[in-house]
Structures are given as C-alpha cells and as structure tokens.
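Undergrad: Show me how the following folds:
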Amino acid sequence: MNDSIVHSFDPVTLLGGGEASIADVHAAHALAPMCVGADGGAELARIAGVELDAIVGDFDSISQETLETVPLARRLHMSEQDSTDFSKALRYIHAPVVVGVGFLGARLDHQLAALHVLAAHPDRSCVLLGPHEIAFLCPPQVHLKL
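TA: Here you go, the predicted structure:
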C-alpha cells in the first residue's frame, strides 16, 4: 500500500507515551530495529537513545526538539481526535509484525483503548509489551508447542 508512512519487510517497534522502561524499549528495538513514535512515544525514543524512523499522531505530547529529530517527510500529523495515537500509527505501519511498547500498564483507560485497537485491526499483527504483561490478538486458530 502507498498510504503507509512506514513500510518494512522486517518487524517494526512502535513506542507509545505510556508506562515503559528503557530496557523494554531496547528489547523491542533489538527484535524490531525500525522504530516509530506514536506522538509522546517519540519522547521515550529520545530518552532511550533510539533513532526514530517516523512519528505519527496529533503531536500534542511531543516537544519541538524531539519533533525536529525526524525529517518532515517522515512525520504524519493527524489532528483528528476520534482515534488514539496508537490507532493512528498502527493504520499507517505496514510490517509483518509491530512490537508496541508504552501502551499497557499505568492507566487502565489507555490500556483498554490499546486492546480495543488490536481487536479493531485484526489485519495488523501486533504484540504489545507491558511492564507485567504481553498482549496480542490471537488468530481464530492457533497451534502452540507447549
């Protein structure tokens, strides 16, 4: 698709502005070296010393200093307030899997919104890493070696 801001044949890390540790950012980035900041998640990337490939969101939780670290062509500003920054970002990332950090924990309303986005976009493979949990949408049939 041509409407993506990030198109990758490898996994992509997506950082949100919620609860996350620097260690979690580095663990996700080791698995998925391309990194996108969902609005305030760009600040998390800067603090963790991770270079951003793109920023997506309404830019209401990002400093001008951090915003300027990413070229204008790789910023997708969406001012609408009918969806979360996670939803905005996930819609415009085309990758085999997205590893999300900073979307679980802390605020239950944000966590529930993130889980809703997973269910609303079953065509996007995404794993969310939280401080004490991992969340993803299972396919209708799954076979696991236990």
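
Undergrad: list the buried ones in the strand or helix carrying Ala27?
TA: Using DSSP states H and E, Ala27 sits in helix 22-31. Residues of helix 22-31 classed as buried under the neighbour-count rule (16 or more other C-beta atoms under 10 Å) are 24-25, 28-29. C-beta here means a position set from N, CA and C on the backbone, and glycine is covered the same way.

Undergrad: can you list contacts of it?
TA: Contacting residues not belonging to helix 22-31 are listed as 11, 13, 15, 35, 44-45, 47-48, 50, 99-102, 129, 131 [C-beta atoms under 8 Å, 6 or more residues apart in numbering].

Undergrad: measure the residue sitting nearest the centre point of the chain to Cys35 for me?
TA: Taking C-alpha atoms, centre = their mean, the centroid of the chain lies closest to Leu14, which sits 2.6 Å from it. Noted for Leu14: a distance of 8 Å to Cys35, by C-beta to C-beta, to the nearest Å.

Undergrad: again with Asp53
TA: For Asp53, the distance to Cys35 - C-beta to C-beta - is 6 Å.

Undergrad: what sits in contact with each of the two?
TA: Contacts common to Asp53 and Cys35, judged by C-beta under 8 Å, 6+ apart, are Val12.

Undergrad: okay, the two: which has more neighbours?
TA: Cys35 (25 against 19; other C-beta atoms under 10 Å).

Undergrad: Just give me how far the host helix or strand of the more buried one sits from the chain centre.
TA: Using DSSP H and E, Cys35 maps to strand 34-38. Put simply, strand 34-38 sits 6 Å off its chain's centre (C-alpha atoms, centre = their mean, to the nearest Å).
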